[in-house]
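J.: have a look; sequence and predicted model below, questions after that.
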Amino acid sequence: MYKLAPNIDLLFTEAGGNAADRVRAAAAAGFDAVEMWGPTGKDIHALKDALEETGVQLTAQLAEPRMQFMIPPKDHAPFFTGLDAGVEVARQLGCPRIVVGSGTGFGGRKRQDQLDELIEIFTKATKHIEGSGITLVLEPVNTRVDHPGALLDRTSEAVYVAKGVNSPNFGVLYDLYHSTIEGEDVAAELASAGDLIKYVQIADAPGRGEPGSGSIDWPARFADLRNSGYAGPIGLEYYPTIDSAKSVRRIQELVAGR
């Protein structure tokens, strides 16, 4: 059975604006894991207390600040400073993954050169945090709806970067919603990526709502995940169209085999 991790920046907002209270609400709804976006604006001490109190694991957090690696003047220092701070928060909260992105592509330069530069940047990043126990996961995103202009919009290109970095502490975040919006063959992409997939997120498409709100064939897609060998947690990164506790029931039942 997959460990499901609702995103507390999107789900259980009914509990209020405090991340700690959202963790408690997720636990009350039957979850033993959550994910979040960045630490900024969150009371980390209160969040840590809530995670320990409920026994809920934080599976992933976003790197901050969001970087534009390819856009001149290409000052990458804030990324590494933010990475240091993010690792410290992750270690406090027991979070094993930090999500990184590619930023916007630069139209005045060959795409391949930009992908190769990402390899250089993230190779340096993995060495920078070596020994921390944290894995960096690179997320390709769709450019058709949500992230126009993003450099990485194909799973295969994120896999290319991960192979180039060649570190056990670096991999790919496969987001089923983004992949579906881009028209990818899910089974083929997962099979090609293999064990480079270090984290998975889901939302339905179109709409980016809860599973069942769009047209994704969920039994088929979960079969694809199982066939790929992925056995890690799954982040629920969607915008609920109904009450959070109700929105998770379909996916909870599917994962439980009901």
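T.: Structure received. All figures in this text were calculated on a predicted structure; none of them were measured in a lab.
J.: so which bits of the lowest-mean-pLDDT helix or strand in the chain are buried?
T.: Taking mean pLDDT, DSSP states H and E as the measure, the helix or strand of the chain with the lowest value is helix 249-256, at a mean of 90. Within helix 249-256, the residues that count as buried by 16 or more other C-beta atoms under 10 Å are 249, 251, 254-255. The way it works is simple: take the backbone N, C-alpha and C, and place the C-beta from them, glycine included.
J.: now do stretch 198-212
T.: Neighbour-count burial for stretch 198-212, counted by 16+ other C-beta under 10 Å, picks out 198-205, 208-212.
J.: which elements pack onto the least confident helix or strand of the chain?
T.: The helices and strands touching helix 249-256, judged by 3 or more C-beta pairs under 8 Å, 6 or more residues apart in numbering; DSSP states H and E, are strand 4-6, helix 218-228.
J.: need the buried residues of helix 249-256 in JSON lines (columns: distance to L236).
T.: Converted to JSON lines, the buried residues of helix 249-256 look like this (distance: C-beta to C-beta, whole Å):
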{"residue": "R249", "distance to L236": "12"}
{"residue": "I251", "distance to L236": "7"}
{"residue": "L254", "distance to L236": "12"}
{"residue": "V255", "distance to L236": "11"}
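J.: so which of those residues is the closest to Y177?
T.: Nearest to Y177 among the buried residues of helix 249-256, counting by C-beta to C-beta, is I251 at 12.9 Å.
J.: what's the most buried one of the helices and strands packed on helix 249-256?
T.: Most buried of the helices and strands packed on helix 249-256, by mean neighbour count (mean count of other C-beta atoms under 10 Å): strand 4-6, with a mean of 27.
J.: may I see the buried residues of the helix or strand hosting A125?
T.: Here A125 sits within helix 111-128, counting by DSSP states H and E. Neighbour-count burial for helix 111-128, with 16+ other C-beta under 10 Å as criterion, is recorded at 114-115, 117-119, 121-123, 125-126.
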